[in-house]
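Visitor: sequence first, then the predicted structure, then my questions.
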Amino acid sequence: MEIQALPVPPTNTQVDDWWAVLVAASAADLPQLPAPTRLEVAGRLCVAPARGRAALWAADGGRGVAGLLLFTDEANRHTAYLDVLTVRPDARRQGIATALWQRVREELLAQGRTSVGTVADLGGPGQAFAESLGFENVLPMAWYTQDVPPGQAGRGAARSAVPATPGYELHAWHGLVHDDWADAVARAHGAMEDAPMGDVDEKIESWTAERLHAAHRLILDRGGELTTVAAVTATGEVAAYTELVLPDPDGPRALQYDTVVVPAHRGHGLGRAVKLRMLELAAHRYPALRQIATTVADENTPMRTVNEALGYRHERGAAYYQLKL
């Protein structure tokens, strides 16, 4: 069996082969979800990550793929993230996943990494394989989804009116946050430092306007779209914000990224307000959008409570798995 290291970016043929593996695996393992589109797969493979460098491998015959993110920021040069390790359903139990993992492990050790993390669905083949390698569940979480009904932009989709936010004004940006607001949004990102992280080895970097724009630009360069909604005080402080990402703007499923309420402004319903305003905007802008998905740590009770009130339902269990090398 040959495991080939792919160039970054890979060729169009290599992208097609990679995409075919993911589509086949998705149909077998997560048939209830829309298959990944070529646009979103190509974006992740061909546009360099903002926080590190990618390493890619493929098994001969397009039977399996693996992708590793090696962090390059100073605080995380000791760790990495296994973004994907997937084998076609008709090629499983032939040692392909193990062979791919050996190449990943060799790269981790060659780069001096002392840990690696990944996210796996509970009860699926990813969990079983990760645990067989010695990965441990360090942050239990789950996927939650909210429906955006077709043909009801703004009315049925936003089942509750956006609540009034006395003392706060709601601002929205499509694409990059305006330069005038980037510093304020970056400061609000700092409130993520108290989000549950379990025993995850990855360190949280301080947010700056430059880092914020780099993260957002990566989404856009990969072909996706981004909307940010923020609750802003009269003095210009961003008290809360939420981000919605469409990896493929024509796809039916969006991802709810960070939702943060700064500690000093909690208890005013701002999390609910920014999420409802975001849903209202998305329903108008994306007629093909049918569902919004997000992950929440099991111990993050406040955010799970907000999401439940907005109509999110539990879709499937997941966890951040980590291996010490």
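Guide: Arrived safely. Numbering: from 1, shown residues only.
Visitor: neighbours of residue 309, how many?
Guide: Neighbours of residue 309 under the rule other C-beta atoms under 10 Å: 14. Every C-beta, even on glycine, is put in place using the N, C-alpha and C of the backbone.
Visitor: sorry, wrong one. I was asking about residue 243.
Guide: The tally of other residues near residue 243 (other C-beta under 10 Å) stands at 24.
Visitor: who does the strand or helix carrying it touch, helix- and strand-wise?
Guide: Residue 243 belongs to strand 238-246 when assigned by DSSP states H and E. Contacts defined by 3 or more C-beta pairs under 8 Å, 6 or more residues apart in numbering; DSSP states H and E place strand 238-246 against helix 179-189, strand 225-233, strand 253-261, helix 270-285.
Visitor: which strands border the second one, and is each parallel or antiparallel?
Guide: It stands for strand 225-233. strand 168-174 (antiparallel), strand 238-246 (antiparallel) (DSSP bridges).
Visitor: got JSON lines for those strands, with mean pLDDT and distance to residue 253 too?
Guide: Shown next, in JSON lines, are those (pLDDT from 0 to 100; distance: least, C-beta to C-beta, whole Å):
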{"stretch": "strand 168-174", "mean pLDDT": "96", "distance to residue 253": "19"}
{"stretch": "strand 238-246", "mean pLDDT": "96", "distance to residue 253": "8"}
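Visitor: reformat the ones you listed as JSON lines; add distance to residue 85.
Guide: Output for the strands paired with strand 225-233, formatted as JSON lines (distance: least, C-beta to C-beta, whole Å):
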{"stretch": "strand 168-174", "distance to residue 85": "34"}
{"stretch": "strand 238-246", "distance to residue 85": "23"}
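Visitor: out of those strands, which is the most enclosed?
Guide: Of these, the one with the most neighbours on average (mean count of other C-beta atoms under 10 Å) is strand 238-246, at a mean of 25.
Visitor: could you give the number of residues near residue 182?
Guide: 20.
Visitor: residue contacts, the closest residue to it other than its chain neighbours?
Guide: Of all residues not flanking residue 182 in the chain, residue 209 sits nearest, at 3.7 Å (C-beta to C-beta, 6 or more residues apart in numbering). Taking C-beta atoms under 8 Å, 6 or more residues apart in numbering, we find residue 209 in contact with 179, 182-183, 185-186.
Visitor: also residue 262?
Guide: Residues near residue 262 by C-beta under 8 Å, 6+ apart: 188, 191, 237-240.
Visitor: nearest to residue 51, of the contacts of residue 209?
Guide: residue 186 (15.2 Å; C-beta to C-beta).
Visitor: isn't residue 258 right next to residue 243, touching?
Guide: Yes: Residue 258 lies in contact with residue 243 (C-beta atoms under 8 Å); the separation is 5.4 Å.
Visitor: ok, back up a step: ok, which pair from the contacts of residue 262 is furthest apart?
Guide: Top of the distance list for the contacts of residue 262 (C-beta to C-beta): 191 and 237, 11.5 Å.
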